[in-house]
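K.L.:
Mind folding the following:
(chains A and B)
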Amino acid sequence: MDHPNRPRPSLGDSYPVAGLMRAVLEKGKAFRFEARGTSMHPFVQDGDTVTVRPLASGRPRMGDVVAFVHPATGGVRIHRVVKADSGTYRLKGDNALGEDGAFPREAILGRVVRVERRGRARRLGPALRSAALARLSRSFWFTRLCRRARRTLGRREGRA
Amino acid sequence: MTEKIDLSRIYGPSDDVVVREIEGEIVIVPLTSGIGDLEDELFTLNETGRDVWARIDGLRPLAAVIRELAAQYDAPDGLIQNDVVGLLQELYDRRMIVEKG
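P.N.:
Residues are numbered from 1 along each chain as shown, chains lettered A, B, ... in the order given. Below is the predicted model of the structure:
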């Protein structure tokens, strides 16, 4: 008989966290995991540790960064609410060109309440700033401008 | 001092865990600290661990579980007992299983 337990696997992009996250949040507990990808750069970066809390009876607000299950992939995404309209929520990554679409409240698993990078908690910023970011994020040109600025800065840092 | 696993007792999963089977492994996320933490507290069981977990259902004493596993793996009871008690002690210490009777 092999030793029946072993170290946990690393959490790659394909790791199916959606079911685990939903089950934990439904018990009213927070869920902490490693985020992958760049669609929320710079707010959430690849490898950051993110804590999501259940919404309970609350509703997401514009500017909130929320976890939801993307219907196309079945995977969990962490994106921002850019518009709340009669019970549906439009979601978008700060660094993504297009929106994910409109989602009902039930599709949203929880709200991001903490982001840790290299072991240190990052400031989430005031709600007002989140709402302003959400408005700006809806603009295609703003997102393109941010991506161009990031690329330019990246090249400069690479030369330094 | 930690309580020792007792073969005559019945154990079952704690209410403070979330358990899912993912890619053939049992993944246990303890919630005792108020947070489901995949970074620091995730616990996985491989195929043999899954066979043990499936029998820790709060219905039968641990000695019966060990007899069933020894028959399944065609191995001496003592060998199975060492592995199973070692695993259950770890799960019990982490409050992932509790005594049911």
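K.L.:
what about the chain, any weak spots by pLDDT?
P.N.:
If you meant another chain, say so; for now it's chain A. A:1-16, A:125-129, A:138-147, A:149-150, A:153-160 (pLDDT under 70).
K.L.:
oops, I was thinking of chain B
P.N.:
Ranges of chain B meeting pLDDT under 70: B:1, B:101.
K.L.:
Contacts (any at all) between chain A and the longest helix seen in chain B?
P.N.:
Longest helix of chain B, by residue count under DSSP state H: helix B:77-93. Yes - using CB under 8 Å from any CB of the partner chain, helix B:77-93 reaches chain A at B:79, B:80, B:83, B:84, B:87, B:90. (Glycine included, C-beta is placed from N, CA and C.)
K.L.:
gap between that helix and the chain center?
P.N.:
Relative to its parent chain, helix B:77-93 has a centroid offset of 8 Å by CA atoms, centre = their mean, to the nearest Å.
K.L.:
Now tell me what touches it from outside.
P.N.:
A:1, A:3-5, B:2-5, B:7, B:11, B:28, B:43, B:45, B:48-49, B:52, B:56, B:62, B:65-67, B:69-70, B:73, B:97-98 (CB atoms under 8 Å, 6 or more residues apart in numbering or on different chains).
K.L.:
Please save the CA atoms from stretch B:67-78 in PDB.
P.N.:
Extracted C-alpha coordinates of stretch B:67-78, given in PDB (Å, rounded to 0.1, in the frame of the first residue of the first chain):
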ATOM      1  CA  ARG B  67     -10.100  -5.500   7.800                       C
ATOM      2  CA  GLU B  68     -11.900  -4.400   4.600                       C
ATOM      3  CA  LEU B  69      -8.800  -2.600   3.300                       C
ATOM      4  CA  ALA B  70      -6.600  -5.600   4.200                       C
ATOM      5  CA  ALA B  71      -8.900  -7.900   2.100                       C
ATOM      6  CA  GLN B  72      -9.000  -5.400  -0.800                       C
ATOM      7  CA  TYR B  73      -5.200  -5.000  -0.900                       C
ATOM      8  CA  ASP B  74      -4.500  -8.600   0.000                       C
ATOM      9  CA  ALA B  75      -2.000  -7.400   2.700                       C
ATOM     10  CA  PRO B  76      -1.500  -8.200   6.400                       C
ATOM     11  CA  ASP B  77      -3.800  -6.300   8.800                       C
ATOM     12  CA  GLY B  78      -0.800  -4.900  10.700                       C
END
